[in-house]
Every structure is written in structure tokens, then in C-alpha cells.
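1. Any chance you could fold what I've pasted below:
(one chain, ligands or ions: 1)
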Amino acid sequence: VNYYDTIGERRVVSEVEPGYLRNLLPDGPPREGERWEDIQKDIEAKIMPGLTHWQHPNFMAWFPASSTYPGMLGELYSSAFTAAAFNWLCSPAVTELETIVLDWLAKLLNLPPSFLSSGEGGGVIQGSASEAIVTVMVAARDKYLRESTAHLEGAERDTAIAETRGRLVALGSEMAHSSTQKAALIAGTRFRAVPAELGDDLGLTGENFRKAVDQCKLEGLEPFYLTASLGTTATCAVDKFGEIAEVLKENPAIWVHVDAAYAGAALVCEEYQHLTHHMDAFDSFDMNMHKWLLTNFDASCLFVKRRRHLFDALSVTPSYLRNEFSDSGLVTDYRDWQIPLGRRFRALKIWFVMRTYGTEGLKNHIRSTVKLGELFYSMVQSRPDLFEVLTPPAFALTVLSVVPHPRSPALASGPQPSTARGAYSNSFTPDATSQALIDSNLLTKQVYEAVNSRAEIFITSVVVKGIYVIRVVSANPKAEEKYIRRAFEILVETTEEVRNRFRGDGRKVP
Ligand code: PLP
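-> A predicted model of the protein is given here:
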């Protein structure tokens, strides 16, 4: 409680040098146990300096990692009850609460009934969105191999499976999170990135998906999986689900997983639920309650339309795991829905958070942080002389770049082009277009680095289609208007300082 009450007084981002802790700690553990008072003192003295405070109201980097008191209490109870909980018999409450709260969540997110445990689907809590992607990719791979060789038997089938495996391709848009590429590495398949265009707000279109599928087939490869994103990491882009669903009609063997790691939380609000209209055409969906939905890390909620595909790929039952309840088929054994065997009691914190906030409280949190994002966006829009936004504001994220000065005194005195990048570059030759981008990238990077080195706020940057941009996220549980306004002031002050150090052509004034 003390930490949270005073967190705003701390420096949001750690400034220690790599290896700082080795100099502060002894070479080995103490021979005799120490008193807790002495151990606890070292939290402030040795650990705090090396922490970046993700719960700080000025933490506006990456995506948030929510923390709340009900979430923490869930963690505390879970620690007290620690058990491996890999199957129902291990601790029936662990399994049953998970099934119930994930059904609550599926309904709250407006997922189709096919994703509920009462049908053929259901939800399971994973550690992270990346883990969810590996898990479903393995299920997708096995389903594809099983179904595409179903007409064969015995050794002939084994050979066909081995040969097909080498031709499998997992797809994801070039804006999809890198976890799809990593999952393909782990699953032992190829990966191919499908282009997404700025003109489509960086969402994957059906046309580009179809082209990628056709190209793979032309090369003798077999696309078996696609990650479709609801809120990409760089700009919170949403892929064109309706168009992707259309392409699937001609390619029903492709498993589509919807990665809604961060932005999926917004689906608790009715105004975002149109995004679920095509979910029934897809196979799995995952969102992290621990990013934007007030639940402590880790709580990645994975839903599948047919749970059978997970067991078919992941269930191995040696005799020591057999028991009458599992054999009866009347209980859920979540070990078959995930990669590890053991699992934590993570449903407790979701239950505590849902009950403490209620569905209205969860919606209010999303709406109030989206509103802060819109406020930040409107402030950025009010200074076209300094900033340009890359894509429309989305899910409490604003993505912006710094615009360079007009390029020369001649231009400055002639008809003035807007300094926004689009107009700026259209007013010049193609060479000037590239120069404008180089200037803008250089300036944006300098502003980003200067803001973070001042360390009053902490933000992140990313390069999208060759454009260097700054991301500002207002979805932190402690976000408030005064912090967002101050963040904008810092950005303006820093941009003006940095720009004054540069000539119009982006070179540093000596
Ligand atoms: N997908 C998206 C869209 C993300 O933004 C992220 C991380 O921010 C991930 C996946 C990976 O998340 P995790 O850390 O839960 O694996």
C-alpha cells in the first residue's frame, strides 16, 4: 500500500547500469537464515533502484501491465493454496472456477456461443499471449496433418504426414506481433509475413491474405494457420475480419487465431462488440486480462471453438495421470489444453476483479482510458506544426511523429505547404519526399530519446513501414487527465528544444 500511495514520487524508469546488482549482493546465499526485517530493507536499498514502475501514472510505454488490489489478493490466495493443479482431481475448485469465470468473460466479450464450455469450445488461462499462440499453432498443425492425410493408413499415412509437415506455412500480417514468428519456430513450420498497407490503416485485408495463400500454393507450400490481429502492437490496427472470413470459405483448412492480447479488453464495451461479428468463422481467440483489464500478470485468456483439437494435439496420458474422474470424461483436465503440466490458480484473481469492479466498473475503466487517449490525440492534432499522427487513435494509443521545419527560407516566404508529412512531401519532388522522411525520423528519434532521458514520463517508439514513431498509451490503471496533459506539455517542450537545435534540413546546428 505504501508503495502504491507514493509511486508517483519515484522516477518512472530505472537508470541503473547493466550489472548494477552484482556489485550490491554477496557471491552466495547466507549460511544461516536472516531476519525478515533485514531482507525487507534490501527491497528499498537494492531492488527499487533497478525497477521501472509499470504502475506509475506516468508509465505510458508499450502496453500496460495492470495491477489492482483485488488482483493482488487473488495472487496471494493462489500462493497460499499452491498446488500443481494439472487435472481436476488435483484440486477441483481450481479447474471449476476457471471454466466458470472464462465462460463469464466469453459472454462479456461478446464471443459467439461456440466459444463457451457448454458447447464444443471453452476457455483456458495461459501465461501469455505468446504461449497461447504456440499452443493453438501446435493444435492447428496437428489438425491439418491429421485431416489432410485422413484418407491414408499406416506407414503410408506416416510418410505423408512427415512430408506435409515440411511444406507447412504459418501466416501473419507484417504488423502481427513477433510471437507468431516465434511460434512457427517452435512448432517447426515456415512463417511468412503478409503485407499490410498504411492505406488500410495497417489492417490485413482479405485480398492480401488471399494473395499470400495463393502464392504459397503456387510454390507447393501448404498454409495451415493465420494470426489475425485485433489491436497490433505498433498501432493497434485491426485486421479486416469480414474479408478474412470470406477467404476462409475457399480455404476452410486454415486455422485462424485472433490475437487480441491488449485491445481485446475493449470488447467488454458494447461500442466495440461489432468487432466480434465474424468470430464464429475463426478457431481461437486470446486476450490478456493482465494488460488492460485490471488483473495482475499473468492472465492470458484463450478461447477455442473446438476444445477437442487441443486434446488431440496435446494429450499424453501415462498411467500415473489416469484417474476415475478423468477416465469418466465428466471433468476438464486443463493439462491437455496447454504446454506445461502444472498450472497456477489464476482464476481466483479474475474472479476477484470481476466481482469487485462488476461489469460496469470494467467498462468504465476502458471508456475512461479511451477518452484520455482521445484527449491526447486532440492535443496532438492541435499542433500540426510539430506533430503528425500515423493512424487514427485506437484503444487509448496515439502514434505520432515529429514534423521537420519548412525546408528553406525561399519556401518559408513562398506559398506555405502544411508541415504535416503528407502535404510537406507532396509539395516537393520525390527526392524531397525521402528527405522529409529522413528528417522526420531523425527528429522523432531525438525527441523520443530526450523525453525518456528526462524520465518524467516513460514512452516507447517503433518503426512502422520505415517511419519512426512515438507511441503514447493512456490505459494504465492510474492514468488521469492531469498526467496526460503534462505528458503532452513535455512532448511539446522537448520537441521545440530538439527542433531548435536543427536546421530545416534535419542537420544539427553546429
Ligand atoms: N500480441 C500482441 C498484439 C501484443 O501486443 C503482445 C505484447 O504486447 C503479445 C502478443 C505478446 O504478449 P505476451 O507478453 O502476453 O506474450
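2. contacts, neighbours, all on C-alpha from now
-> Will do.
3. what does the protein put close to the ligand?
-> Residues of the chain found near the ligand (Cα under 6 Å from any ligand atom) are 128-130, 177, 231-233, 259, 261-262.
4. For stretch 366-385, buried residues please.
-> 366-377, 379-380, 384-385 (16 or more other Cα atoms under 10 Å).
5. Give me the subset of these that lies in helices.
-> For these, membership in helices holds for 366-377, 379-380, with DSSP state H as the criterion.
6. hmm, back to that, pipe the residues of the chain next to the ligand into CSV and attach pLDDT per row.
-> Formatted as CSV, the entries for the residues of the chain next to the ligand read as follows, by pLDDT from 0 to 100:
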residue, pLDDT
Ser128, 97
Ala129, 98
Ser130, 98
His177, 98
Gly231, 98
Thr232, 98
Thr233, 97
Asp259, 98
Ala261, 98
Tyr262, 98
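7. Between these, which sits nearest Ile244?
-> Nearest to Ile244 out of the residues of the chain next to the ligand is Asp259 (Cα to Cα; 14.0 Å).
8. residues touching the closest one, list them.
-> With contact taken as Cα atoms under 8 Å, 6 or more residues apart in numbering, Asp259 is in contact with 129, 133, 227-231, 285-287.
9. which of the residues you listed sit farthest apart?
-> Of all pairs drawn from those, the widest gap by Cα to Cα lies between Ile133 and Gly231 and measures 15.2 Å.
10. Check which helix or strand Arg355 maps to.
-> Arg355 belongs to helix 347-381 when assigned by DSSP states H and E.
11. Could you list every helix and strand in contact with that helix?
-> For helix 347-381, the helices and strands in contact under the criterion 3 or more Cα pairs under 8 Å, 6 or more residues apart in numbering; DSSP states H and E are helix 69-80, helix 92-108, strand 387-389, strand 397-402, helix 481-500.
12. from these, which stretch is densest packed?
-> Greatest average neighbour count among the helices and strands packed on helix 347-381 goes to strand 397-402 (a mean of 28), per mean count of other Cα atoms under 10 Å.
13. Contacts made by that one with the rest, please.
-> 235-236, 373, 376-377, 386-393, 440-441, 443-444, 447, 468-475, 495.
14. just how off-centre is it within its chain?
-> 18 Å (Cα atoms, centre = their mean, to the nearest Å).
15. Of all the helices and strands packed on helix 347-381, which one is nearest Asp298?
-> Short answer: helix 69-80, nearest of those by Cα to Cα, at 9.6 Å.
16. so where's the stretch 1-150 of the chain uncertain?
-> When residues are selected by pLDDT under 70, none of them lie in the stretch 1-150 of the chain.
17. need the strands for it, in chain order.
-> Counting by DSSP state E, counting those that start in this stretch, the segments of the stretch 1-150 of the chain that form strands are 122-126.
18. what about the helices in it?
-> Across the stretch 1-150 of the chain, reading from the start of the chain, the helices by DSSP state H, counting those that start in this stretch fall at 2-5, 36-42, 69-80, 92-108, 129-148.
19. Let me see the contact set for the residue lying closest to Asn58 once chain neighbours are set aside.
-> Among residues not flanking Asn58 along the chain, Ile457 sits closest, at 4.8 Å (Cα to Cα, 6 or more residues apart in numbering). For Ile457, the contacting residues are 12, 58-60, 451, 487, taking Cα under 8 Å, 6+ apart as the criterion.
20. what's around Asp5, how many residues?
-> For Asp5, the tally of surrounding residues (other Cα atoms under 10 Å) stands at 8.
21. quick one: it and the ligand, what's the gap?
-> The spacing between Asp5 and the ligand, counted by Cα to the nearest ligand atom, to the nearest Å, is 27 Å.
22. likewise Trp54?
-> Look at Trp54 and the ligand: by Cα to the nearest ligand atom, they are 14 Å apart.
23. My guess is Glu75 contacts Lys349. True?
-> Yes: using Cα atoms under 8 Å, Glu75 and Lys349 qualify as a contacting pair, with a distance of 6.3 Å.
24. what residues are shared contacts of those two?
-> Asn296.
25. Which residues does the helix or strand where Thr227 lies contact?
-> When secondary structure is defined by DSSP H and E, Thr227 falls within strand 222-229. Residues external to strand 222-229 that are found in contact with it (Cα under 8 Å, 6+ apart): 137, 140-141, 144, 164, 167-173, 176, 180, 204, 213, 216-217, 237-239, 241, 253-260.
26. Buried among those residues? Make that a PyMOL selection.
-> Selecting just the buried residues from these in PyMOL takes one command, with 16+ other Cα under 10 Å as the test:
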select buried, resi 137+140+141+144+164+167+168+169+170+171+172+173+176+180+204+213+216+237+238+239+241+253+254+255+256+257+258+259+260
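27. mind listing which of the contacts of strand 222-229 are in strands?
-> Using DSSP state E, the members of these that fall in strands are 168-173, 255-259.
28. pLDDT for the ones in helices among the buried residues of stretch 366-385 - can I get that in CSV?
-> Below are these laid out as CSV (pLDDT from 0 to 100):
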residue, pLDDT
Ile366, 98
Arg367, 98
Ser368, 97
Thr369, 97
Val370, 98
Lys371, 98
Leu372, 97
Gly373, 97
Glu374, 97
Leu375, 97
Phe376, 97
Tyr377, 97
Met379, 97
Val380, 97
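29. Just flag the most distant two among the residues you listed.
-> Greatest spatial distance in these: Ile366 and Val380, 21.1 Å, computed using Cα to Cα.
30. So Phe376 is in contact with Arg485, correct?
-> Yes: taking contact to mean Cα under 8 Å, the distance of 7.3 Å between Phe376 and Arg485 places them in contact.
31. Quick one: residues contacting Phe282.
-> Under the contact definition (Cα under 8 Å, 6+ apart), the residues listed for Phe282 are 245, 255-258, 305.
32. Can you lay out these as a markdown table showing pLDDT?
-> Written out in a markdown table, the entries for the contacts of Phe282 read as follows (pLDDT from 0 to 100):
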| residue | pLDDT |
| --- | --- |
| Ala245 | 98 |
| Trp255 | 98 |
| Val256 | 98 |
| His257 | 98 |
| Val258 | 98 |
| Lys305 | 97 |
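33. Quick check: which ranges of the stretch 301-450 of the chain have low pLDDT?
-> In the stretch 301-450 of the chain, residues with pLDDT under 70: 406-431.
34. Any figure for the gap between the one residue in it that gets nearest to the ligand and Ala450?
-> For the stretch 301-450 of the chain, the residue positioned closest to the ligand under Cα to the nearest ligand atom is Cys301, at a distance of 9.8 Å. In this structure, Cys301 lies at 37 Å from Ala450, with Cα to Cα, to the nearest Å as the measure.
35. before we move on, what about Ala183?
-> To Ala450, Ala183 is 35 Å away according to Cα to Cα.
36. So these two - more neighbours on which side?
-> Ala183 (23 against 16).
37. so the more buried one is in which element?
-> Here Ala183, judged by DSSP H and E, is contained in helix 179-187.
38. helices or strands next to that helix in the packing?
-> In terms of contact count using 3+ Cα pairs under 8 Å, 6+ apart, helix 179-187 is assigned the packing partners helix 129-148, strand 168-173, strand 190-194.
39. let's see it at 7 Å
-> Contact partners of helix 179-187 among helices and strands, from 3 or more Cα pairs under 7 Å, 6 or more residues apart in numbering; DSSP states H and E: helix 129-148, strand 190-194.
40. Okay, angle between that helix and strand 190-194 too, please.
-> Following axes from the mean of the first three to the mean of the last three Cα atoms, to 10 degrees, one obtains 170 degrees for the angle between helix 179-187 and strand 190-194.
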